[in-house]
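Participant: Sequence and predicted structure are below.
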Amino acid sequence: MKRVMFVCKKNSARSQMAEGFAKTLGKGKIEVISSGLEASQVRPEAMPAAGYAYATMKEIGIDITDQHSKPLSDFQAQDFDVVISLCGCGVNLPPEWVVREVFEDWQLDDPAEQPEIFPRVRNEIKERVTQLIESVNKEFTTAR
């Protein structure tokens with residue numbers, strides 16, 4: 001099973017939503033976690049962006065309230081096959097993270113400063129995560 005790391009600047013919104021989609025849509029197909037170049041807090045009372053992320057995902061029936069922000073430094077690049085940057089932060093990642101089997105930098109808009117775009121960004125993330133799961137499974141099936 002392929003291991004996927006979603007990474008963003010603070011691991012408070014986009015990467016958390018991607019992790020939630022991947023855990024739901026990729027259950028039994030991929031292992032997934034998210035992290036940030038720096039960790040922050042994913043609690044509605046402490047950070048509005050996180051509250052919006054929780055609410056935006058809840059609107060479509062996905063509960064991410066059990067997820068928490070984690071720093072990338074807690075993980076080893078060699079433990080992951082796929083690394084996805086959601087915010088254009090790929091240029092700031094240590095080199096070992098961008099040379100994994102698959103590396104993509106999705107460069108999605110940051111909804112933290114514009115809460116009204118959370119649903120649009122959420123939908124973009126869902127579409128991209130769905131495509132990622134399909135491509136990873138196709139590759140896995142072909143390799144067998």
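Facilitator: On my side now, so go ahead. Numbers count the residues shown, from 1 in each chain.
Participant: packing partners for the helix or strand where Ala55 lies?
Facilitator: Ala55 is part of helix 48-58 when elements are defined by DSSP states H and E. Counting contacts by 3 or more Cβ pairs under 8 Å, 6 or more residues apart in numbering; DSSP states H and E, helix 48-58 packs against helix 14-25, helix 118-143. C-beta: built from backbone N, CA, C; applies to glycine.
Participant: With respect to Asp110, which of those lies nearest?
Facilitator: The closest of the helices and strands packed on helix 48-58 to Asp110 is helix 14-25. By Cβ to Cβ, the value is 7.2 Å.
Participant: tell me the angle that closest one makes with helix 48-58.
Facilitator: 20 degrees (axes from the mean of the first three to the mean of the last three Cα atoms, to 10 degrees).
Participant: Just the CA trace of helix 14-25, in CSV.
Facilitator: C-alpha atoms of helix 14-25 as CSV (Å, rounded to 0.1, in the frame of the first residue of the first chain):
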residue,chain,number,x,y,z
ARG,A,14,-5.7,22.5,3.0
SER,A,15,-3.5,19.6,4.1
GLN,A,16,-6.0,18.7,6.8
MET,A,17,-8.9,18.6,4.2
ALA,A,18,-6.7,16.5,1.9
GLU,A,19,-5.9,14.1,4.7
GLY,A,20,-9.6,13.8,5.5
PHE,A,21,-10.6,13.1,1.8
ALA,A,22,-7.8,10.6,1.3
LYS,A,23,-8.7,8.7,4.5
THR,A,24,-12.3,8.5,3.4
LEU,A,25,-12.0,8.0,-0.3
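Participant: so who does Ala53 touch?
Facilitator: Residues near Ala53 by Cβ atoms under 8 Å, 6 or more residues apart in numbering: Ser12, Ala13, Gln16, Met17, Val42, Ile64, Pro111, Phe118.
Participant: what pLDDT does the fifth one get?
Facilitator: Put plainly, it is Val42. For Val42, the pLDDT comes out at 52.
Participant: what do you get for the fourth one?
Facilitator: In this model, Met17 is scored at 96, pLDDT.
Participant: Thr56 is in contact with that one, correct?
Facilitator: Yes: the criterion here is Cβ atoms under 8 Å, and Met17 meets it with Thr56 at 7.2 Å.
Participant: Could you tell me which residues touch both of these two?
Facilitator: Arg122.
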